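Engineer: Coordinates only, no sequence provided:
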């Protein structure tokens, strides 16, 4: 399986925890991890390489520092790495035909095989919407991003990419021109660009299974405890996505949403494994 990840150094700890959860819950799979970065320090790349290879998988770092002009595309507090997933089809090796992009603030609970190997059904991407958050602003998004017939606003945290079809449909210049054209109107920059370009070329997956937001789960668990509970999460959910500004690795025990314990569980397991490997190497 091919996985695509990207982040700055601040997000390396949750990225490693996310990868650990994938390795543990997909033990029968072999992964090629493609990591698009912006001049990350060599020592950090080597640490990530050692971790991935120690778990039996391959690591392919790609320095994207010169991919485009940072000052023309990044606004507010967003980092340049956010755009790399959109440009990935034109940077990854031609022989890579499908790849799963995941944000680093995600935890995997169950096998990803069904999601990864599914039929694209002539779509360029498989993604999810978070319509419980966007339904009220959908008409505004449609006008703002010139996608008047779109019925959904897709989240870019989990993206299965049909790379040959994307390359045939768009060029790197198309994406850069949209970023430049809309940069003053971009609220969620990479996500806005993605929806503007591809809204009619996306196969929708169930966000409750493949992009579960702890904020919404806490509400549904309170209202529908028989349907949305721990047993359901552990048997059905593939990806928990810790959306929003509050992150479980920053809040620790003060993280207020119920699914934070899964991040802490895998974080502790990963750190324990890392310490054990260090002792064995010594």
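Structural biologist: Okay, I see it. Here the structure is a predicted model, which means the values were calculated and not measured. Residues are numbered from 1 along each chain as shown.
Engineer: residue ranges for the helices of the stretch 151-282 of the chain, please.
Structural biologist: Taking DSSP state H, counting those that start in this stretch, the helices of the stretch 151-282 of the chain run over residues 163-169, 172-182, 189-198, 207-210, 214-223, 230-236, 248-251, 260-281.
Engineer: what mean pLDDT would you report for the longest one?
Structural biologist: If you average the pLDDT over helix 260-281, you get 74.
Engineer: Buried residues, the helix or strand harbouring residue 24. List them.
Structural biologist: Using DSSP states H and E, residue 24 sits in helix 12-25. Residues of helix 12-25 classed as buried: 12, 14, 15, 16, 17, 18, 19, 20, 21, 22, 23, 25 (neighbour count, 16 or more other Cβ atoms under 10 Å). Heads up, the C-betas are built off the backbone N, CA and C, glycines and all.
Engineer: out of the residues you listed, who's nearest residue 103?
Structural biologist: Taking Cβ to Cβ as the measure, residue 103 sits nearest to residue 18 out of the buried residues of helix 12-25, at 8.2 Å.
Engineer: Could you list every helix and strand that the helix holding residue 24 packs against?
Structural biologist: Where contact means 3 or more Cβ pairs under 8 Å, 6 or more residues apart in numbering; DSSP states H and E, helix 12-25 is packed against strand 2-6, helix 42-54, strand 106-108, helix 248-251, helix 260-281.
Engineer: give me that answer again for 6 Å
Structural biologist: strand 106-108, helix 260-281 (3 or more Cβ pairs under 6 Å, 6 or more residues apart in numbering; DSSP states H and E).
Engineer: quick one: the first one to chain centroid distance?
Structural biologist: Meaning strand 106-108. Centroid separation for strand 106-108 versus its chain: 9 Å, with Cα atoms, centre = their mean, to the nearest Å.
Engineer: Show me where the stretch 1-150 of the chain dips below the pLDDT cut-off.
Structural biologist: Low-confidence segments of the stretch 1-150 of the chain (pLDDT under 70): 69-79, 130-150.
Engineer: Run a quick neighbour tally on residue 192.
Structural biologist: For residue 192, the neighbour count with other Cβ atoms under 10 Å is 22.
Engineer: State the distance from it to residue 179.
Structural biologist: 9 Å (Cβ to Cβ, to the nearest Å).
Engineer: deepest of the helices of the stretch 151-282 of the chain, which one?
Structural biologist: helix 189-198 (a mean of 22; mean count of other Cβ atoms under 10 Å).
Engineer: Check which helices and strands the helix or strand just after the helix holding residue 24 sits against.
Structural biologist: Downstream of helix 12-25, the next assigned helix or strand under DSSP H and E is strand 32-37. With contacts defined as 3+ Cβ pairs under 6 Å, 6+ apart, the packing partners of strand 32-37 are strand 2-6, strand 58-63.
Engineer: neighbours of the closest residue to residue 171 other than its chain neighbours, just the number please.
Structural biologist: Closest residue in space to residue 171, ignoring its immediate chain neighbours: residue 90 at 7.4 Å, by Cβ to Cβ, 6 or more residues apart in numbering. For residue 90, the neighbour count with other Cβ under 10 Å is 16.
Engineer: Could you give the number of residues near residue 247?
Structural biologist: Considering only other Cβ under 10 Å, residue 247 is surrounded by 16 other residues.
Engineer: make that residue 52, sorry
Structural biologist: Each residue near residue 52 was counted by other Cβ under 10 Å, and the total is 21.
Engineer: Please shift the residue numbers so they start at 73 in all later answers.
Structural biologist: Will do, 73 is the new start, and the previous item becomes residue 124.
Engineer: The residue nearest to it when sequence neighbours are not counted: how many residues sit nearby?
Structural biologist: Once flanking residues are discounted, residue 124 sits nearest to residue 131: 4.3 Å by Cβ to Cβ, 6+ apart. By the criterion of other Cβ under 10 Å, residue 131 has 17 neighbours.
Engineer: My guess is residue 131 contacts residue 104. True?
Structural biologist: No. Look at residue 131 against residue 104 with Cβ atoms under 6 Å: they stay out of range, at 8.2 Å.
Engineer: circling back: what would the helices of the stretch 223-354 of the chain look like in JSON lines with distance to residue 117?
Structural biologist: Shown next, in JSON lines, are these (distance: least, Cβ to Cβ, whole Å):
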{"stretch": "helix 235-241", "distance to residue 117": "24"}
{"stretch": "helix 244-254", "distance to residue 117": "24"}
{"stretch": "helix 261-270", "distance to residue 117": "23"}
{"stretch": "helix 279-282", "distance to residue 117": "29"}
{"stretch": "helix 286-295", "distance to residue 117": "30"}
{"stretch": "helix 302-308", "distance to residue 117": "34"}
{"stretch": "helix 320-323", "distance to residue 117": "21"}
{"stretch": "helix 332-353", "distance to residue 117": "17"}
